[in-house]
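Colleague: Could you work out the structure for the sequence below:
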Amino acid sequence: MPLRYRSLLAGGLLLLSAAAYAQDTPSPPPGETPPADRATLDNRPASPNPTDPRPPKDPRDKPSFIPAPVLFYEPETGAAAGVTFLPTWRHGRDTTVRKSNGRIGGWYSQKKQLNLQISHTIFTRQERYLVSGDILYYDYPIFFYGIGNNTDIDDESEISYKLLILQQRGLKSFRRHWFAGLTYRLTDARSIKADKPLDNENDGPNQLLLLDERQRQHTTVSGLGPAVVHDGRDNILSTFRGHYLDLQALFNAKGLGSDYTFTRYTLDARHFQPVGSNRTIWASQLYGQFHNGTVPFRELANLGGVSLLRGIYEGRFRDRQLVALQTELRHHLFWRINVAGFVGAGQVARHLDDFGSRFNVAGGAGVRFQFNRRDRINIRLDYGVGSGGSSGLYFGVNEAF
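Modeller: Okay, the predicted model is just below:
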């Protein structure tokens, strides 16, 4: 299989660029909470208005809006360049309210391909509401191997499509760190095509051509459903300690404008804790996605990618049901440099009772550059190897989970 990678040279350029923009606020000693995250008012200036009930403004707790260049090379795209902006801010003066963050950016490739992203996670005052969402667009070729947990590397097929994803979630707090509300998700896939009529071994048909013709046509999927979230993480960008639980059901129906009728249930559970001190963090995630109804191939659960089981090509294994577990050790070396080692396992199946003992595994290691020490924003470069003849070099902002 052709290796999809982002070049080490580009990674080095990114780290050098990051150093030019990096925040100068020093990191706290190991085991100590950063000043901007403390609930105490020690060492803050007195309020100029003694009748103002709000806590005084901490001059160190400023919003940031940091640009970072994006440079990489992949066989499917050629050279590509772009920029991403990483705003972080806090609503109100209460530093027990966690910071909100966003991401705005995109890139354009040598082969005239475009990728755009707008994302946000917002905690309102006193964390009464949690609002998050994404708008994603890309015109991007991928490799498709068919459907199932045991797909063959020799069936690798080149396909492409244009995809718009719009997702928005609004949740209200009903007790400390617990939120409930609704999620809406829309995907629009068009120009779905097999780039070559044969697979990359030229000894079989492109796997997309084996699907029914309707799945190769313009497809809209629209769904709405309830969500319950427990978010007790100390920092949502780079967590040292805490728990996260996300339970969601999404009902895709023709009444909402969907071409397909199916239900998706999602479980996302994470645990974070220091090992000895904040210099070493143990992080783990259990993830499950389950479907019933008629699900188009683009909406099937899939293993792999930049966040789930790095080392397995994204979509290398896809089907209606998925379970995956990954764990990671993150360690601070010196200055702004951190390292991580990770391992994970997962499988997909058509039905729940089809899950068995054959797990696909992945593992690897990577380095992080702390782009913004005050808000713990990391640029990461990971290399992973996984089942199915996969490997990859992954560039990302913030941790994988």
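
Colleague: which residue ranges form the strands in the stretch 51-200 of the chain?
Modeller: For the stretch 51-200 of the chain, the strands defined by DSSP state E, counting those that start in this stretch cover 64-74, 78-89, 100-109, 114-123, 129-144, 157-175, 178-194.

Colleague: Where does pLDDT dip in the chain?
Modeller: 1-55, 74-76 (pLDDT under 70).

Colleague: for it, which residue is closest to the average position?
Modeller: Nearest to the geometric centre of the chain sits residue 307, at 5.4 Å (CA atoms, centre = their mean).

Colleague: In contact with that residue, which residues?
Modeller: Taking CB atoms under 8 Å, 6 or more residues apart in numbering, we find residue 307 in contact with 396, 400, 401. The C-beta positions use only the backbone N, C-alpha and C, and glycine is treated the same way.

Colleague: try 7 Å this time
Modeller: The contact partners of residue 307, taken as CB atoms under 7 Å, 6 or more residues apart in numbering, are 400, 401.

Colleague: how about the strands of the stretch 51-200 of the chain in TSV, adding distance to residue 327 and mean neighbour count?
Modeller: Formatted as TSV, the strands of the stretch 51-200 of the chain follow (distance: least, CB to CB, whole Å; neighbours: other CB atoms under 10 Å):
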stretch	distance to residue 327	mean neighbour count
strand 64-74	27	17
strand 78-89	26	16
strand 100-109	24	18
strand 114-123	23	17
strand 129-144	25	18
strand 157-175	26	17
strand 178-194	25	18
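
Colleague: now the ones you listed as CSV including distance to residue 362?
Modeller: What follows is the strands of the stretch 51-200 of the chain, written out as CSV (distance: least, CB to CB, whole Å):
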stretch, distance to residue 362
strand 64-74, 19
strand 78-89, 25
strand 100-109, 25
strand 114-123, 24
strand 129-144, 16
strand 157-175, 22
strand 178-194, 26
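
Colleague: I'd like to know which of those strands is closest to residue 301.
Modeller: strand 178-194 (14.0 Å; CB to CB).

Colleague: CA-only coordinates of that closest one, as PDB, when you get a sec.
Modeller: Output in PDB follows, covering the C-alpha atoms of strand 178-194 (Å, rounded to 0.1, in the frame of the first residue of the first chain):
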ATOM      1  CA  TRP A 178     -22.900  17.100  33.600                       C
ATOM      2  CA  PHE A 179     -24.700  18.400  30.500                       C
ATOM      3  CA  ALA A 180     -27.700  17.300  28.500                       C
ATOM      4  CA  GLY A 181     -29.100  18.500  25.200                       C
ATOM      5  CA  LEU A 182     -29.400  17.800  21.400                       C
ATOM      6  CA  THR A 183     -27.000  17.200  18.600                       C
ATOM      7  CA  TYR A 184     -27.700  17.800  14.900                       C
ATOM      8  CA  ARG A 185     -25.500  16.400  12.100                       C
ATOM      9  CA  LEU A 186     -25.700  16.900   8.400                       C
ATOM     10  CA  THR A 187     -23.400  15.300   5.800                       C
ATOM     11  CA  ASP A 188     -23.500  15.900   2.100                       C
ATOM     12  CA  ALA A 189     -21.400  13.700  -0.200                       C
ATOM     13  CA  ARG A 190     -21.300  14.300  -3.900                       C
ATOM     14  CA  SER A 191     -19.100  13.500  -7.000                       C
ATOM     15  CA  ILE A 192     -18.500  10.000  -5.500                       C
ATOM     16  CA  LYS A 193     -16.400   8.100  -8.000                       C
ATOM     17  CA  ALA A 194     -14.000   5.300  -8.500                       C
END
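
Colleague: got the angle for that strand vs strand 114-123?
Modeller: Orientation note: strand 178-194 sits at an angle of 170 degrees relative to strand 114-123 (axes from the mean of the first three to the mean of the last three CA atoms, to 10 degrees).

Colleague: hmm, who's touching strand 178-194?
Modeller: The contact list for strand 178-194 (CB under 7 Å, 6+ apart) reads 130, 157, 159-174, 206, 208-209, 216, 218-230, 248, 250, 298-299.

Colleague: Pull out the buried positions in the helix or strand just after that strand.
Modeller: Toward the C-terminus, strand 178-194 is succeeded by strand 219-231 as the next helix or strand (DSSP states H and E). Using 16 or more other CB atoms under 10 Å as the test for burial, strand 219-231 gives 219, 220, 221, 222, 223, 224, 225, 227, 229, 230, 231.

Colleague: I'd assumed residue 175 was in contact with the last one.
Modeller: Same thing as residue 231. No. Using CB atoms under 7 Å, residue 231 is not in contact with residue 175; the gap is 12.0 Å.

Colleague: Before I go, just wanted to say thanks for your time.
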